[in-house]
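task: produce atomic coordinates for the following.
(chains A, B, C and D)
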Amino acid sequence: MSLLQIKNISKSFDGLKALHNLSFNVNDGEIVGVIGPNGAGKSTLFNAIMNHINKDSGDIYFDGINITKKPTHQIAGMGIVRTFQDSQPLPQISVQENLDLAFKYQTDISLVSVFGRHKFLQEEQQVHFTKIKELLHEVGLGSKLNVQAQDLSYGQGKLLEMLKVIASDARLILLDEPFSGLFPEMIKLVTKLIYDLSASGKTILLVEHNMQLIEEICDRVIVMDAGQKIADGDFKTVTKQQNVIDSYLGK
Amino acid sequence: MDFIVQLAIYSAIASIAAVSLNYVVGFTGIMSISHASFYGIGAYGTALLLTKTGLSFVPALLLGVLITGLVAAFASVPILRLREDSLMLVSVGFALIIHSLMLNWQSLTNGPRGVKSIPRPEIFGISLTDKNFYLVLCLVLLVLTIIIFYKITKSPYGTVIKGIRENEEVMKNYGYNVSKYKHSVFVLGAIFAGLAGGLFASYIQYISPESFILLPSVFMLIMVILGGMGSIGGSIIGAILITVIPELMRFAGLPSSFAAESNQIVYGIILFALMYWRPQGLFGKYKI
Amino acid sequence: MNKQKHILLATMLTVVVALVLGGCSTKVANLSQEKIKLGYVGPLTGDLASIGNDEKRAIQLALTASGRTDIEVIFEDSHCNGQAGSNAAQKLVNVDQVQLIMGAGCSDATLAMLPIIQQGQVVLFSSLSTSPELTKVGGEYFFRNAPSDDKATEVLAKLIKNKKIALVSENNDFGQAFLNDLKVKLAEFDTTPVADEIFNTGTTDYKTILQKVKESKAEVLAVISNSPVSNGLVIKQAKELGLEMAYYGTDSIAGSEFSDTAQDAAEGVYAILVAANTADDRVNKLLQLYENTYLEGPASDAYTVLSYDRMNIVLKAIDAVGYDAEAIRNYLHTINYDGLAGYTSFDENGDSSILPLVLRFEDGELVPVQQ
Amino acid sequence: MFQVLVNGIIVGGIYALITIGFNLIYSAVRFYHLAYGAVGILGAYLTYQIQKFIFETQGGGLITGFLFGLLISSIVTGMLGILIWKFLYRPLRKNGASNVSMIVASFGLLIILQNLIGLIFGQSAKTIRLSEVTTQGYEFLSASITKNQILILIVTLVSVFVFELFLHRTKIGTAIRAVGQNSQLAAVVGVKTEKVIYITFFIASFLSVLASSLIALEISLKPTYGLMLILKVIVASIIGGIGSMRGALVGGLMLGVAENFGAYYFGSQWQDTVAFGLLVIFLLVRPQGLFKK
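Below is the predicted model:
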């Protein structure tokens, strides 16, 4: 049974068809690439899944549950996390705080627990802090623990976004161009992180322009153009299809 | 020196209001200008309960604070639907509407003639007519406020509201019910503003709508901006400076023909200069 | 983080030091010069600023006229608000250790100052607050030579009883207290107003209210406001709307600010006010002196005259019984001072014997009218 | 009843005039220039001073004094508008100040300007008048309008009309709108954004003096009017659609009419509540106002 089912969702912004009868499935544990020329509606797709924008028609199911109309924070609560296109971590708080926000607290973070169940919160936070140190050391950001996120470089910011995805321990991960603007050795690092995620059983939907990476990482590829799905299959067969080539070369 | 004790009392009351405003504006980024209205509602609530019903000080103050919380809960529904500049404007609109209710609902608030001879509080038998006891009461409540807000902002809850200040959309993506947090922050901030208002009313023993019009809201915002966004200690320093400096200016012996206007000009300059040199204020860590 | 701790401590220290220094520096000055220090607290900013400045200038004129160099008046601004007023009074009582404070204009500041006055046992002498409620709440140390409004409402009620009356009042402590008192007095003559409109302080466009007054077909329009500008605008806009009716105003009508605003529309307006009785040449001499010294006429003649009288009464009291609040308080109960505002004596509540006169604007001059 | 509508339209006309200037600045620099009210009142005080000088010392007529004063003070205040942008606001923007801190800074400037006016011209009210005698208005359809009101209405309609033409027909007008839409894009296309912003501040300050002097005819002048005006302007601008010219006109008129009907039916003490109630409703139901998408 596939983890994510998109059933002909459409969305148009006063005339412009951002998404048009789009349907596809993503199975548990798969890494699916989403490619297509600029303006094909890739980011709009992510916004639609997370219900940042309401859809004109169609339904989305996650783990069998209809999440079309659910508020964003509930969708995220069910175990989906997404990164924004060239999003940077929250600027005026520290790296540690950024990561702590990504972790899922068992004790509900509310005024009641701040005063009533302070001990539980404190313990969980300590556990998170140790994990955070490990994660940061792994990618060489160990010294940046208490630095304000705005003081990180662009690349380091992107890395931190990836670490937040790992920390969230979500089942479905929507990555929106995680490699854009990175140096080669940063790209290797992010690729390794993606493999680790997949190895630990996560399902990944990856929007990316860099074709070598798509070929290397993804099990399957979906090609979008003008809000429609024009191809769905493994990389080799899909890139041979005439309509895919035309969409890239422009009709 | 009663004069210094009185200044300390007004500074303590202003600090409670400033710390609670910083919690709303500095930590959570809700640019609300209607804080003085909740300060006013707390003052009127406590004053009317003290003068019109037989309630003694402590229940009257608590009830006054409760009423402020309820009004804030209702007001937060429309106000929090907006952000940044439009939120600022709607909170100004709300402040002016509350002020004209105080002015025109004569049957309840006695209108522009205000509420007179509010009795000085009696707690467990000690009558607080003596200023020093009153100062102790204010300082105890101030310390309590600091502890509460310090605990909240240092806990994971504090990190969440700071995250909301930075970017609400991202926080929703990590599963945080942003509007629930914003409402609880707004209401808690208003409750402490109501507490400060109740203390002010029973100290000065006479209140009228004039003291809760737009300007006090702006002064509270200046206290927080001067002191520093997102720093509790900073907002206390801001509150003390803004309460004490104009009183010290009385000693500066400025010829009073233009002392009055120059006082206001100093405020204007402080505001402008802060926005230029240190938007995050003296001790703040967050730039509005 | 500890860098910020240092700034925190440093600022705390400077504030405390400034406070202490500020506190004792004046005390030291006080002892050395042996000058008699009087206090003044009044609205030097805000809506009543022009009248507050009149009060201050009248005090300075009286002081220079008396030639006394051993007396100094410390002027504090009440901003017409409770907290500032109570701080000003507290400073004067505690730091400058004055025995007598002139002032108290807006009820806000007055009522916030009263507890400090009563506790500090200092005399508070006002020539601006006319609210009837102060008679009860004032306490034994409170005196005023401005007549309480209930005297003015009595005179006005007699004048306009059983006529079709439109009332336009300002939504502040003066306006509403006067309005309610007037309605009670009118009810005694079983007259009920045909129109009763309230406007907020600082309103500038009265055309819509006056439209309702026009529709009520009132014969008399009584304007109840202590701001000369509002009085002027109401009457000017009424004339522009062609409202043919008798106009009555309260004491803030006498003065340049009203006549500048209303200009020729002021013609024929009745004023129930105190003391700016131009028939007495001492009043004219004072107003002339004011104009020569400050190159502009007073915003309100009435309050200038009252404040001038007040200063002279205080000087007389100090010469008679010395500078002690207790002694001055007893002396004031016995005084009957022939002032520019008429013979002034004080009843047990500190209210003065001065009665408001009825005057009428005739080609720019306020002329007394015989009832 | 009709009279109340007439009053509303005339007052609304004045609000519209000022809101046009305010929207112009907002559309060019994207923040609320709160000190704009005080700049206008300062200009009106200048007009008063010049008229007094011409009338009393040069023996000129009241009306010529007023028109002459209006011209000079509009130009001088226009210059002041440019200086305020160049030396106060631009450095702030360059410093990376956010919209909110720009509003706070402009509020500080409002307090400074308002108290400077109080210091220079004194606290007591000043009146600008066009005729020695208070003339009764003209009667038609049971509503009476004073001469001043007619003048205000004419000036408002003329300036709105001229302004619409200027904005949509002339090169500079389109440049201003371009900068308003997107200043980076405009700069790329070769529009000298700096120069355009100077012109915008000049024109807006010019308009604010025009409107404030007209108001002074009706309600005389006090230093505290700056804050009162800017609050009304913000309400009118939000209702009409922040930044849009047509929105300023309609927003101003709507506010004027709503206030007067509010005063007529609920009593004048509720006038401000009606105005701000309208603001809150619009911010919630249609934050972008009537004329913007």
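
where does the most centrally placed residue in chain C fall, phi/psi-wise?
Of all residues in chain C, the one closest to the mean position by Cα atoms, centre = their mean is residue C:128, 1.8 Å from it. The phi/psi pair for residue C:128 (degrees, to the nearest 10) reads phi -120, psi -30.

so where's chain B uncertain?
Along chain B, the model assigns pLDDT under 70 to residues B:124-129, B:214, B:252-260.

related to what we said a few turns ago, report pLDDT for the residue nearest to the centre of chain C.
Model confidence at residue C:128, given as pLDDT, is 84.

go on, the one 3 residues further on?
Reading off the per-residue confidence, residue C:131 sits at a pLDDT of 80.

confirm that it sits in a helix.
No - counting by DSSP: H, G, I helix; E, B strand; the rest coil, residue C:131 is not found in a helix; it is coil.

stretch B:156-166 near chain A at all?
Yes - using Cβ under 8 Å from any Cβ of the partner chain, stretch B:156-166 reaches chain A at B:156-157, B:159-160, B:162-163, B:165-166. Quick note: C-beta positions are derived from backbone N, CA and C, even for glycine.

related to what we said a few turns ago, contacts only, for the residue nearest to the centre of chain C.
Counting by Cβ atoms under 8 Å, 6 or more residues apart in numbering or on different chains, residue C:128 makes contact with C:42, C:48, C:51-52, C:55, C:103-105, C:146, C:303, C:306-307.

which of the residues you listed are close to chain A?
By Cβ under 8 Å from any Cβ, no member of these lies near chain A.

inside strands: which ones of those residues?
By the criterion of DSSP state E, membership of those in strands covers C:42, C:103.

I figured residue C:175 hits residue C:225, correct?
Yes - Residue C:175 lies in contact with residue C:225 (Cβ atoms under 8 Å); the separation is 5.6 Å.

overlap in contacts of those two?
residue C:169.

so which of the contacts of residue C:128 sit within helices?
Among those, DSSP state H puts C:51-52, C:55, C:303, C:306-307 in helices.

ok, the residue in the stretch 151-293 of chain D that chain C sits nearest to - how many residues close by?
Minimum separation of the stretch 151-293 of chain D from chain C (Cβ to the nearest Cβ) falls at residue D:219, amounting to 3.4 Å. By the criterion of other Cβ atoms under 10 Å in any protein chain shown, residue D:219 has 22 neighbours.

before we move on, what about residue D:27?
Look at residue D:27: counted by other Cβ under 10 Å, it has 19 neighbours.

contacts only, for the residue nearest to the residue of the stretch 151-293 of chain D closest to chain C when sequence neighbours are not counted.
Of all residues not flanking residue D:219 in the chain, residue C:204 sits nearest, at 3.4 Å (Cβ to Cβ, 6 or more residues apart in numbering or on different chains). By Cβ under 8 Å, 6+ apart, the contact list for residue C:204 reads C:233, D:215, D:218-220, D:225, D:228.

residue D:8 and chain C, how far apart?
Applying Cβ to the nearest Cβ, to the nearest Å, the value for residue D:8 to chain C is 8 Å.

show me the strands in chain B, by range?
Here chain B has its strands, by DSSP E, at B:122-123, B:126-127.

give me the contacts around the first one.
Contacts to strand B:122-123, defined as Cβ under 8 Å, 6+ apart, come from residues B:56-58, B:128, B:137.

please redo it, this time with the cut-off set to 6 Å
Contact with strand B:122-123 is made by residue B:57, as judged by Cβ atoms under 6 Å, 6 or more residues apart in numbering or on different chains.

returning to that earlier point: report pLDDT for the residue nearest to residue D:219.
pLDDT, read off for residue C:204, is 81.

that's a helix at it, yeah?
No - read with three-state DSSP, residue C:204 is coil and lies in no helix.

now it: phi and psi?
phi -120, psi -20.

relative to residue D:11, how far out is it?
Residue C:204 sits 9 Å away from residue D:11, going by Cβ to Cβ, to the nearest Å.

what do you get for residue B:210?
Taken as Cβ to Cβ, the span from residue B:210 to residue D:11 is 26 Å.

for the residue lying closest to residue C:118 once chain neighbours are set aside, phi and psi?
Once flanking residues are discounted, residue C:118 sits nearest to residue C:139: 4.9 Å by Cβ to Cβ, 6+ apart. The phi/psi pair for residue C:139 (degrees, to the nearest 10) reads phi 90, psi 170.

no further questions, thank you.
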